[in-house]
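All I have is the shape, not the residue letters:
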Ligand SMILES: [Zn+2]
């Protein structure tokens, strides 16, 4: 009885004050203070994936910018404002919502204002550059946005804009050197947390992997190819995720048997064919990523697969220390960083190690239908909303 009342209260609160709570950003974000913009100054949600970061200058003081974004009549906002003195960061709009800051670019960009007010002798400071670069670096990491000038642009560079900010005192060269330094420092971690997969379904990497690169996306591609019988499992486990000649040969063989021009490179058509082949060859491992300290049928499924391989002796449905240890041991044995977390690469490695020996044979319609029912029904190539985690 009591929880019904609590639920009702929470629901009422959510209706009355939708903008007061904001999901915590990932732990690699710099400290941020949240000051909600007026509801009329932004649109809830996104219609496109986030692919650009837009740099602005306020042309006024920090406090006047805050007042302006909180004024319901201004009809403008930005996601963030970085203070000149000390570089403090204020957030006004959730990244998953559309701030009104750059007209045509609003749907696909995150806007960052920088306090700058020459009339009151407020100039850009080193603290501001550094703090903003950390924020941009974190955003780029979160959405897999390349840390370059094609993706981090000035308001004055937005198509059709009549704005001229940031002006000539904004030091792009210095700023981008800070952004790049931060991105390179974290390259290892970045690769792991921004693993791009087709439509975020988590079983085929997004198109565009380059030969000779080493990444989790390449490792995922290799496990996919091993799962479908085009690569040797032990070679993949020992390969360290490098896109070398063996991967190229396997990819060519896969292309040949799927009616794609056999180039050995991983483009859009091959990525789509790979996703479709995987859908047509179902596996018993959970399709969703799983977090530690959660309890679900998917965790039971994961444990059952680990039990089959001798890594665990109990199926509890709870992702606790026992499961973390078992996943870590499995990862270690398969050349995957032993984090204990269940994500795309681990999923396909587990699917490969537990697969039925008949994978690759014709699969019956009933089995295909059963798998299709398990896969989120998003058509290949469509734009997915990437920031669902931030929605209240
Ligand atoms: Zn601007």
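All right, it came through fine. These numbers were taken from a predicted model, which means no experiment stands behind them. Numbering: from 1, shown residues only.

make it CA atoms for all contacts and neighbour counts henceforth
Fine.

ok but residue 238 is inside a strand, no?
No: under DSSP: H, G, I helix; E, B strand; the rest coil, residue 238 falls outside any strand and is assigned helix.

Quick one: residues contacting the residue nearest to it when sequence neighbours are not counted.
Using C-alpha to C-alpha, 6 or more residues apart in numbering and skipping residues adjacent in sequence, the residue nearest residue 238 is residue 335, 5.8 Å away. Contact analysis of residue 335 by C-alpha atoms under 8 Å, 6 or more residues apart in numbering lists 237-240.

Mark which of those residues are buried, thanks.
237, 239-240 (16 or more other C-alpha atoms under 10 Å).

ok, now which ones touch the nearest residue to residue 283 once chain neighbours are set aside?
Spatial nearest neighbour of residue 283, excluding adjacent residues (C-alpha to C-alpha, 6+ apart): residue 351 at 5.9 Å. Residue 351 makes contacts with 227, 283-285, as judged by C-alpha under 8 Å, 6+ apart.

By neighbours, which of the residues you listed wins?
Most neighbours among the contacts of residue 351, by other C-alpha atoms under 10 Å: residue 227, with 25 neighbours.

correct me, but that residue touches residue 352?
Yes: in this structure, residue 227 is within contact of residue 352 by C-alpha atoms under 8 Å, at 4.6 Å.

Mutual contacts of the two, please.
residue 233.

Now do the strands in the stretch 1-150 of the chain.
33-34, 42-43, 52-57, 80-82, 89-91, 98-99, 109-114 (DSSP state E, counting those that start in this stretch).

and the fourth one with the ion, contact?
Put plainly, it is strand 80-82. No: Strand 80-82 lies out of reach of the ion by C-alpha under 5 Å from the ion, never closer than 11.2 Å.

do the same with the last one
No: when contact is scored as C-alpha under 5 Å from the ion, no part of strand 109-114 falls within range of the ion; the minimum is 7.0 Å.

Pull out the buried positions in that strand.
Quick answer for strand 109-114 (16+ other C-alpha under 10 Å): 109-114.

pLDDT of that strand, averaged?
Strand 109-114 carries an average pLDDT of 98.

can I see the domain layout of this protein?
Annotated domains of the chain cover 19-192, 198-363 [automatic domain parsing].

Confidence-wise, which of the ones you listed is weakest overall?
domain 198-363 (a mean of 86).

What's the local residue count around the residue of the chain found nearest the ion?
Minimum separation of the chain from the ion (C-alpha to the ion) falls at residue 56, amounting to 4.1 Å. Residues within reach of residue 56, counting by other C-alpha under 10 Å, total 28.

List the residues that contact it.
Going by C-alpha under 8 Å, 6+ apart, residue 56 touches 111-114, 154-155, 165-166.
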